Each structure stands twice: as structure tokens, then as C-alpha cells.
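Asker: give me the fold of what follows.
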Amino acid sequence: MIELKNVTKKFGSLVAVNDISLRIEPGQFFGFLGPNGAGKTTTIKLLTGLYEPTSGTCLINGHDVHWDPLPAKRSFGYVPDQPYLYDKLTGREFLYFVGGLFNMPSDVVKQKIESLIDVFEIGHFIDKRAEEYSQGMRQRMVLSAALLHDPKVLIIDEPVVGLDPRSARVVKDTLKLKTREGVTIFMSTHLLEIVEELCDRIAIIKDGRIIHEEVQSESRKFDGQLENIFLELTK
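Answerer: Model (predicted):
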């Protein structure tokens with residue numbers, strides 16, 4: 001579960017995030033939308049503990065990200081918009097490194113890696129150095145690392161940018177499967193068709209404030225109207 005309570009972030013006189021409140025339940029796939037400079041990335045950095053809020057509270061699975069950071073950070077996985085790897089490490093070495101950060105036993109890490117190889121189809125490059133990876137390979141490896149410790153929350157910034165259709169399908173199917181397993185997903189993206197395909201609920205942010213929220217269900221679909229809603233609200 002993710003909860004933001006009256007969160008504000010200021011940089012000098014600039015109010016980047018302005019009194020945001022959200023509650024995202026377990027198993028919900030949440031899409032966070034907005035034009036460039038609206039406050040999406042700042043919100044993600046607040047959620048992940050990279051920024052400290054000027055006021056308000058960010059909770060991950062009941063833990064305050066800033067006052068109780070270790071339990072909070074153990075319970076979520078984070079995928080930034082630019083997938084960073086250590087170029088001189090192989091993918092397998094990188095995953096063992098990440099497992100060590102979470103104090104995972106090596107035998108458990110080994111089992112998880114074998115599972116992730118199947119899920120993300122990374123077996124043909126996992127033992128190559130990351131400097132040889134394409135954008136799609138890097139993205140799948142970073143997603144594998146984010147899921148290695150079985151987080152209850154996944155925070156993702158632009159998960160399919162730069163991916164070929166096959167890689168994008170693998171990523172989308174895996175994310176949707178994770179929500180059915182009870183994982184909460186917070187996804188920021190500019191790709192509205194991905195949001196319509198995957199998300200149960202959306203919020204649109206503009207000038208640091210949430211200006212619109214909507215739920216998608218079997219009885220209420222976006223049906224291609226999300227683009228019109230977004231453009232009208234953010235013009």
C-alpha cells in the first residue's frame with residue numbers, strides 16, 4: 001500500500017508538489033500522468049526517499065519513508081526512467097549484488113534469478129557484461145533487480161520507453177501478473193495507451209496539484225478517451 005498525506009515539496013520559492021494526498025491499495029495498478037514539469041518525477045523521488053518533503057507524510061506499507069526508511073525501502077522496488085547498471089558487471093553479478101543489499105541468502109538469490117530468467121527471458125544475455133546490453137536488455141535487468149526481493153510495492157518511471165514490441169509485452173504481462181498477486185504498482189508514464197491497457201486507476205497532476213482522478217473497471221473503461229481527457233485538463 002502507498003499513502004501520501006498532504007505532501008508538499010518546495011525548492012526555494014518553487015512549489016514542485018503542492019499538498020498531494022493519495023491512497024493506493026494493495027493489488028492496484030495506479031497510473032500517474034501529467035505534462036512535463038508537472039511534478040511526477042518529484043513525487044516519485046519523495047516516495048522513494050530520494051527527496052524529503054517540505055511538509056506531509058509518505059508511507060509505504062505503513063512505514064514512513066523518511067522517518068522509518070529501512071523497513072519502507074525493503075518493501076518496495078524502484079525502476080527509474082533511465083535503467084542504471086554497472087557496466088563491468090554481468091547481469092547475474094548485478095543481481096547477486098542487489099540481493100546482498102537486501103541481505104538475501106545466496107541460495108535464495110540463485111533461485112530467484114532462475115525464476116526471473118524465465119519471466120523476463122534474460123537467459124541469453126544475463127552472463128554478458130552490462131556494457132554490451134541494449135536499452136531493452138537493461139530495462140528487463142533493472143526490472144528483474146526490482147522484483148528480486150519480492151516487494152509488495154513497485155514504483156516505476158516510464159517502464160517501456162525504448163523497448164521493442166517483444167520486450168514491452170514481456171514487461172507489461174509481468175506487471176499485470178504482479179498486481180494479481182497483490183503487488184501495488186505506481187507507474188508514471190507519458191504513454192496513455194499503456195495506461196489504458198494496464199491501469200485500474202489514474203491521477204493527473206498539473207503544476208504540482210492533482211487535478212483529476214478516475215477508476216477503470218470492467219463496467220467503466222477509458223475506451224480510448226483518456227487522451228481527450230488528458231489534453232482537455234492539461235491545456
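
Asker: where along this structure do the helices fall?
Answerer: With DSSP state H, the ranges of helices along the chain come out as 40-47, 69-74, 91-101, 106-120, 135-147, 165-180, 192-198, 226-234.

Asker: so which residue is smack in the middle of the chain?
Answerer: When Cα atoms, centre = their mean is applied to the chain, the residue found nearest the centroid is Ile156 (1.6 Å).

Asker: contacts only, for it.
Answerer: In this structure, Ile156 makes contact with 78-79, 146, 175, 185-188, judged by Cβ atoms under 8 Å, 6 or more residues apart in numbering. Quick note: C-beta positions are derived from backbone N, CA and C, even for glycine.

Asker: let me know the closest of those residues to Ala168.
Answerer: Within these, distances to Ala168 taken as Cβ to Cβ reach their minimum at Leu175, with 10.7 Å.

Asker: beta-bridge partners for Arg23, please?
Answerer: Beta bridges link Arg23 to Glu3 when assigned by DSSP bridges.

Asker: now neighbour count and pLDDT too, for the contacts of Ile156, in JSON lines please.
Answerer: What follows is the contacts of Ile156, written out as JSON lines (neighbours: other Cβ atoms under 10 Å; pLDDT from 0 to 100):
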{"residue": "Tyr78", "neighbour count": "21", "pLDDT": "94"}
{"residue": "Val79", "neighbour count": "21", "pLDDT": "92"}
{"residue": "Ala146", "neighbour count": "19", "pLDDT": "95"}
{"residue": "Leu175", "neighbour count": "22", "pLDDT": "91"}
{"residue": "Ile185", "neighbour count": "24", "pLDDT": "96"}
{"residue": "Phe186", "neighbour count": "24", "pLDDT": "97"}
{"residue": "Met187", "neighbour count": "25", "pLDDT": "95"}
{"residue": "Ser188", "neighbour count": "21", "pLDDT": "92"}
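
Asker: switch these over to a markdown table; also include distance to Gly34.
Answerer: Formatted as a markdown table, the entries for these read as follows, by distance: Cβ to Cβ, whole Å:
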| residue | distance to Gly34 |
| --- | --- |
| Tyr78 | 19 |
| Val79 | 18 |
| Ala146 | 23 |
| Leu175 | 20 |
| Ile185 | 17 |
| Phe186 | 13 |
| Met187 | 13 |
| Ser188 | 8 |
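
Asker: in strands only, show me these.
Answerer: 78-79, 185-188 (DSSP state E).

Asker: pLDDT of stretch 196-212, averaged?
Answerer: When pLDDT is averaged along stretch 196-212, the result is 93.

Asker: kindly format the C-alpha coordinates of that stretch as CSV.
Answerer: C-alpha atoms of stretch 196-212 as CSV (Å, rounded to 0.1, in the frame of the first residue of the first chain):
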residue,chain,number,x,y,z
GLU,A,196,-5.5,2.4,-20.7
GLU,A,197,-4.2,-1.2,-21.2
LEU,A,198,-2.8,-1.7,-17.7
CYS,A,199,-4.1,0.7,-15.0
ASP,A,200,-7.1,0.3,-12.7
ARG,A,201,-6.9,3.9,-11.6
ILE,A,202,-5.2,7.1,-12.7
ALA,A,203,-4.5,10.6,-11.4
ILE,A,204,-3.4,13.6,-13.5
ILE,A,205,-1.1,16.1,-11.9
LYS,A,206,-0.5,19.7,-13.2
ASP,A,207,1.5,22.5,-11.6
GLY,A,208,2.1,20.3,-8.6
ARG,A,209,-1.5,19.6,-7.9
ILE,A,210,-3.7,16.6,-8.6
ILE,A,211,-6.5,17.9,-10.9
HIS,A,212,-8.2,14.6,-11.8
